[in-house]
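>>> Predicted structure and sequence below. I'll ask about it afterward.
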Amino acid sequence: MIIKIKTHKRPSFKALINYMIHDRDRLLDEKGKSFLLTHNVKGKSMEIWVKQFEKNETFRLRKRSDSVYCTHEILSWHRDDAKNIQSEMLKSMVEEYIRLRNAGGMFIAAAHYDRLHYHVHICVSGIEYRTGKTMRLSKVNLQKLKRDIQNYQIEKFPELFKSVVSHGKNTSLKNYKEVQYKNRSGREKDKDQLLGILKTCYKKANSKESFFKLLAECGVKNYERGGKISGIVFQDRKFRLKKLGYLDSRIDSLDKKLMRKKELNEVRINFLDNDNKRMFRNRLDK
């Protein structure tokens, strides 16, 4: 994720907000609705928002000729990640950005989609909401903000790997690789454990029904596709039975095995006298 911050040393709230919400590249969903977030700002119109930014300026503790009235902050992602980005992802990252940036400030954020890549424009007040304290970021804090928000992206949305950039000493790139390795190794560990459970349950099962019943007792649930069991869920992860080596034919053979056993028992019964037949049937029923 790339972050750019432009300072406005004039109270140009209206011009910035107007651009953000009326630009032709503003992101709209299939219903024509737009992604817009506000924080410490009330109302639903630009005029109301501008008045609140102006009102907040009256609380400024230190007034200087070069005071920053607001900042225009832009979060952007690589165009190759566009196919993986959803509005809910952007909202989540913007909300976290606000928290990391300074939740005491006033924020208005609007998503845009321009030149085949997603980005979010954010209008940030120059001072905190009604405290008058500055929202200024030092270089050290800015670098920390960039690393922290990108680490959040890596942790929550690892599929956006094209948007991972180097901040400082490649900390984010390193974290991305660690998360990817953790995800892979965690799944492999779960898979090995699951294979052991499948093997044990398959040996104990005397029918297809009992096989899935034994799995359920071990905390392994199944899921269906097209009205047919096609996979199982273990440790909140989905696994296809075919990829685990349990083809339909292999599982169906449990029922065939049961049928053969019943047929064999019937043959045995035919060679017994009536009393022994009753005893043998009673033992089978149990």
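Okay, I see it.
>>> Where do the helices of the stretch 1-150 of the chain begin and end?
Per DSSP state H, counting those that start in this stretch, the stretch 1-150 of the chain carries helices over the ranges 13-22, 46-57, 87-102, 139-156.
>>> what about the longest one, average pLDDT?
Average pLDDT, helix 139-156: 94.
>>> returning to what we had before: how about the helices of the stretch 1-150 of the chain, which one is nearest Ser67?
Of all the helices of the stretch 1-150 of the chain, it is helix 46-57 that lies closest to Ser67, at 9.0 Å by Cβ to Cβ. Using the backbone N, CA and C atoms, a C-beta is placed for each residue, glycine as well.
>>> Give me the buried stretch members for the closest one, please.
Residues Met46, Trp49, Val50, Gln52, Phe53, Asn56, Glu57 are the ones in helix 46-57 that count as buried (16 or more other Cβ atoms under 10 Å).
>>> for stretch 189-203, same thing?
Lys191, Leu194, Ile197, Leu198, Cys201, Tyr202.
>>> And the contacts of that stretch?
By Cβ atoms under 8 Å, 6 or more residues apart in numbering, the residues outside stretch 189-203 that reach it are 211, 214-215, 218, 220, 232, 234-235, 237, 239, 244, 246, 254.
>>> Mark which of the residues you listed are part of strands, please.
Members of those lying in strands (criterion: DSSP state E): Ile232, Phe234, Arg237, Phe239.
>>> Now which of these would you call buried?
Ile232, Phe234, Phe239.
>>> contacting residues for the second one?
Listed by Cβ under 8 Å, 6+ apart, the contact partners of Phe234 are Asp190, Gln193, Leu194, Ile197, Gly219, Val220.
>>> For the first one, report the pLDDT, please.
As predicted, Asp190 sits at a pLDDT of 78.
>>> Repeat that for Asn270.
63.
>>> pLDDT weak spots in the stretch 151-286 of the chain?
Counting by pLDDT under 70, the low-confidence segments of the stretch 151-286 of the chain come to 168-188, 257-258, 261-286.
>>> picking up where we left off before, which one of the buried ones among the ones in strands among the contacts of stretch 189-203 is nearest Lys144?
Nearest member of those to Lys144, counting by Cβ to Cβ, is Phe234, at 38.4 Å.
>>> Ile3 is in contact with Ile149, correct?
Yes - using Cβ atoms under 8 Å, Ile149 is in contact with Ile3, at 7.3 Å.
>>> Give me the common contacts of these two.
Leu75.
>>> quick one: contacts for Leu142?
Counted by Cβ under 8 Å, 6+ apart, Leu142 has contacts Ile5.
>>> any idea how far it lies from Val94?
17 Å (Cβ to Cβ, to the nearest Å).
>>> Counting neighbours, what do you get for Phe107?
23 (other Cβ atoms under 10 Å).
>>> what's the answer for Tyr113, then?
By other Cβ under 10 Å, neighbour count at Tyr113 equals 15.
>>> cool, and Gly227?
Considering only other Cβ under 10 Å, Gly227 is surrounded by 6 other residues.
>>> try Lys256
12.
>>> Give the helix, strand or coil label for it.
helix (DSSP: H, G, I helix; E, B strand; the rest coil).
>>> For it, give its distance to Thr200.
For Lys256, the distance to Thr200 - Cβ to Cβ - is 21 Å.
>>> same check, this time on Ala110
Between Ala110 and Thr200 the distance is 55 Å, computed by Cβ to Cβ.
>>> Repeat that for Gln52.
Applying Cβ to Cβ, the value for Gln52 to Thr200 is 64 Å.
>>> again with His22
Counting by Cβ to Cβ, the separation of His22 from Thr200 is 64 Å.
>>> Around the closest residue to Asp25 other than its chain neighbours, how many other residues sit close by?
Leaving aside its sequence neighbours, Asp25 sits nearest to Asp114 (Cβ to Cβ, 6 or more residues apart in numbering; 4.0 Å). Using other Cβ under 10 Å, Asp114 is surrounded by 13 other residues.
>>> go on, Asp66?
A total of 6 residues lie near Asp66 under the criterion other Cβ under 10 Å.
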